[in-house]
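Chemist: Okay, here's the prediction I keep looking at, along with the sequence it came from:
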Amino acid sequence: WQLSATMALQRILADESVPGLMFGLHPQGAGLWRERVAERLRGYLKSEKAVALGACGLDFASIKDGDHDRKIKQMVCLEEQLKIAVECSKPIGLIVKGPEAEKEVLVAVNPITKSA
């Protein structure tokens with residue numbers, strides 16, 4: 001599967017009719033976050049077609065009450081992707097679902113906006 005996904009991405013990147021792409025790990029995939037994912041993301045963001053990092057963020061609306069572990073994974077994943085966006089000088093495409101998520105996104109983004 002990974003080989004076919006890589007080949008598909010290479011085709012998309014070579015397709016001149018595709019003006020730009022966002023690369024990122026969706027909050028529902030936050031449990032997959034690893035350093036190798038971060039390195040791959042950095043590589044994708046170096047592409048000329050990479051226009052932003054996204055869609056990343058917090059989707060607390062899909063998490064059942066009491067599942068604190070999934071919220072923590074989403075927050076860590078978001079914070080790491082925000083660092084990469086700054087490092088690669090890319091804007092971000094945010095997903096924010098749920099009232100508690102709104103507050104947490106502001107907490108995560110605030111230090112980055114102050115340092116920019």
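Modeler: Cool, got the structure.

Chemist: What is the host helix or strand of Asp69 packed up against?
Modeler: With secondary structure defined by DSSP states H and E, Asp69 is part of helix 68-87. Taking 3 or more CB pairs under 8 Å, 6 or more residues apart in numbering; DSSP states H and E as contact, the helices and strands that helix 68-87 lies on are helix 35-45, strand 50-59, strand 92-97, helix 99-115. All C-beta atoms are positioned from the backbone trio N, CA, C, and that covers glycine.

Chemist: Go again with 6 Å.
Modeler: strand 50-59, helix 99-115 (3 or more CB pairs under 6 Å, 6 or more residues apart in numbering; DSSP states H and E).

Chemist: any chance of those in CSV, plus mean pLDDT and mean neighbour count?
Modeler: Supplementary listing: the helices and strands packed on helix 68-87 in CSV, determined by pLDDT from 0 to 100; neighbours: other CB atoms under 10 Å:
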stretch, mean pLDDT, mean neighbour count
strand 50-59, 95, 21
helix 99-115, 83, 13
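
Chemist: In a markdown table, list those along with distance to Arg40.
Modeler: As requested, those are arranged in a markdown table below (distance: least, CB to CB, whole Å):
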| stretch | distance to Arg40 |
| --- | --- |
| strand 50-59 | 12 |
| helix 99-115 | 21 |
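
Chemist: Sketch out the low-pLDDT regions of this protein for me.
Modeler: Low-confidence segments of the chain, defined by pLDDT under 70: 1-3, 113-116.

Chemist: Which of the helices and strands packed on helix 68-87 sits closest to Leu32?
Modeler: When these are compared for distance to Leu32 using CB to CB, the nearest one is strand 50-59, at 12.5 Å.
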